[in-house]
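Engineer: A predicted structure for the sequence below; I have some questions about it.
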Amino acid sequence: MIIDCHGHYTTVPEPHNQWRVDQLAAFKAGQPSPEYPEISDDVVRASIVDNQLKLINERGSDLTIFSPRASHMGHHEGDQRISKEWTVHCNNMIKRVVDMFPDKFVGVCQLPQSPGADLTESIAELERCVNELGFIGCNLNPDPSGGKWETVPLTDKYWYPLYEKMVELDVPAMVHVSASCNPNFHATGAHYMNADTTAFMQLIQGDLFKDFPSLRLIIPHGGGAVPYHWGRYRGLADMLKQPSLDGHLMNNVFFDTCVYHQPGIDLLVEVIDNKNILFGSEMIGAVRGIDPTTGQYFDDTKRYIDAAKISDAEKHSIFESNTRAVFPRLDAKLKARG
């Protein structure tokens, strides 16, 4: 089985997106949020069949771990109430897709984070999505201020109530920022890469996994700059008097394969232990065009794993078994299917 750990609902029906525009306009005007529109099953189904599902079938993956569009989480906009309303609607849309195509999608939730707010609402939404909607994980934004980095590091005790709930529910988080409101940082080209790399460095500097030895975090986009600078981070851990990375972080931190080119995958599989790599394409995501050097789509990520100079057993681990280990609720669902 080929499991894609990183898929976003980027083709959500337009009435859903328009409601968000109207919600934010109402908030700025001091008005209550508008009523959420009725979106028919046929419209939802078409948004998947003609897009995500079409590409999944063409490119040969079997199951996608599916979450709301990351760049539209927009935690920096509005306040806690606004974030909660939006998040609930986004997660409910994921649930509708999963119910329509249960053999192709499984849900991961957005959290209603908001700058300056505590994590009470995020914990409640995580519980709802896991216990009521059957989701298997969450996306955690390390910078809900949208590129201003006004939030404390991921190792700060501010985050501990959420981590405690994640451990209790036995679900991982993908550490994933949203849009950037900082003009210095292009969202997908700079802000995402900054955040992935920053999150890893924060984890090096702290001792989070001493307090939460079973907590699991996925850093997407191939781990940002980390694999390319693996020697730098191993050396920094040593200089900071931290344990070696294999014991300090790499029983708890995992990278996906969303790097969009063969040399990037080749470096990833050479530098990072196989057990820490999960197949993830980000599809339909940041880079959708055709690579002129190969004639293939940049985001046809399975092609890169197929071509990597690693064993079939290592490819199987990346495509399936590593992801099942990181997402035990997914593993249980698949075992129940038989």
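Structural biologist: Perfect, I can see it now. Numbers count the residues shown, from 1 in each chain.

Engineer: is it true that Pro34 touches Leu24?
Structural biologist: No. When contacts are counted by C-beta atoms under 8 Å, Pro34 is not listed as touching Leu24 (10.6 Å). Yep, even glycine has a C-beta here, placed from its N, CA and C like the rest.

Engineer: Low-confidence bits of the stretch 51-200 of the chain, can you list those?
Structural biologist: Residues of the stretch 51-200 of the chain meeting the criterion pLDDT under 70: none.

Engineer: any idea where the strands of it begin and end?
Structural biologist: Remark: strands assigned in the stretch 51-200 of the chain by DSSP state E, counting those that start in this stretch are 63-68, 105-107, 138-140, 173-175.

Engineer: In a markdown table, list these along with distance to Pro292.
Structural biologist: Output for the strands of the stretch 51-200 of the chain, formatted as a markdown table (distance: least, C-beta to C-beta, whole Å):
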| stretch | distance to Pro292 |
| --- | --- |
| strand 63-68 | 27 |
| strand 105-107 | 32 |
| strand 138-140 | 32 |
| strand 173-175 | 30 |
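
Engineer: Output these in TSV, with distance to Gly235 and mean neighbour count appended to each entry.
Structural biologist: What follows is those, written out as TSV (distance: least, C-beta to C-beta, whole Å; neighbours: other C-beta atoms under 10 Å):
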stretch	distance to Gly235	mean neighbour count
strand 63-68	33	25
strand 105-107	38	24
strand 138-140	27	25
strand 173-175	23	24
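
Engineer: Between Pro34 and Leu24, tell me which one has more neighbours.
Structural biologist: Here Pro34 and Leu24 are set side by side on neighbour count (other C-beta atoms under 10 Å), and the busier one is Leu24, at 16 against 13.

Engineer: so what pLDDT did the more buried one get?
Structural biologist: We note a pLDDT of 98 for Leu24 in this prediction.

Engineer: wait, it sits on Ser83?
Structural biologist: No. With contact defined as C-beta under 8 Å, Leu24 does not reach Ser83; the gap is 10.9 Å.

Engineer: Touching both of these two, which residues are there?
Structural biologist: Glu77 (C-beta atoms under 8 Å, 6 or more residues apart in numbering).

Engineer: Let me see the mean pLDDT of stretch 35-46.
Structural biologist: Here the mean pLDDT over stretch 35-46 is 98, rounded to a whole number.

Engineer: So for that stretch, first residue to last residue, what's the gap.
Structural biologist: 23 Å (C-alpha to C-alpha, to the nearest Å).

Engineer: quick one: contacts for the nearest residue to His6 once chain neighbours are set aside?
Structural biologist: Leaving aside its chain neighbours, His6 sits nearest to Gly280 (3.2 Å; criterion: C-beta to C-beta, 6 or more residues apart in numbering). The contact partners of Gly280, by C-beta under 8 Å, 6+ apart, come to Asp4, Cys5, His6, Ile218, Pro220, Asp256, Thr257, Cys258, Thr301.

Engineer: I'd like the distance between Phe254 and Lys241.
Structural biologist: Using C-beta to C-beta, to the nearest Å, Phe254 is found at 25 Å from Lys241.

Engineer: Compare neighbour counts for these two and give me the winner.
Structural biologist: Taking Phe254 and Lys241 together and counting by other C-beta under 10 Å, Phe254 has the greater number of neighbours (26 against 6).

Engineer: tell me which element the more buried one is part of?
Structural biologist: Element membership for Phe254 (DSSP states H and E) is strand 253-256.

Engineer: What pairs with that strand, parallel or antiparallel?
Structural biologist: Under the criterion DSSP bridges, strand 253-256 sits next to strand 217-219 (parallel), strand 277-278 (parallel) in its sheet.

Engineer: chain center to the longest one, what's the gap?
Structural biologist: Centre-to-centre, strand 217-219 and its host chain are 8 Å apart (C-alpha atoms, centre = their mean, to the nearest Å).

Engineer: what comes into contact with it?
Structural biologist: Residues beyond strand 217-219 that count as contacts (C-beta under 8 Å, 6+ apart) turn out to be 5-6, 140, 154, 172-175, 196, 199-200, 203, 226, 252-256, 278, 280, 326.

Engineer: what angle do the helix or strand hosting Lys335 and strand 63-68 make?
Structural biologist: Using DSSP H and E, Lys335 sits within helix 328-337. If you take axes from the mean of the first three to the mean of the last three C-alpha atoms, to 10 degrees, helix 328-337 sits at 130 degrees to strand 63-68.

Engineer: From the chain's centroid, how far away is helix 328-337?
Structural biologist: 20 Å.

Engineer: tell me which residues in it are buried?
Structural biologist: Arg329, Leu330, Asp331, Lys333, Leu334 (16 or more other C-beta atoms under 10 Å).

Engineer: Let's verify the residue lying closest to the last one once chain neighbours are set aside: helix, strand, or coil?
Structural biologist: Setting aside the residues directly before and after it, Leu334 is nearest to Arg324 in space (C-beta to C-beta, 6+ apart), at 6.8 Å. For Arg324, the assignment made with DSSP: H, G, I helix; E, B strand; the rest coil gives helix.

Engineer: shouldn't Arg324 be in contact with Leu63?
Structural biologist: No. Counting by C-beta under 8 Å, Arg324 stays clear of Leu63, with 10.4 Å between them.

Engineer: anything in contact with each of these two?
Structural biologist: By C-beta under 8 Å, 6+ apart, Arg324 and Leu63 have these common neighbours: Ile3.
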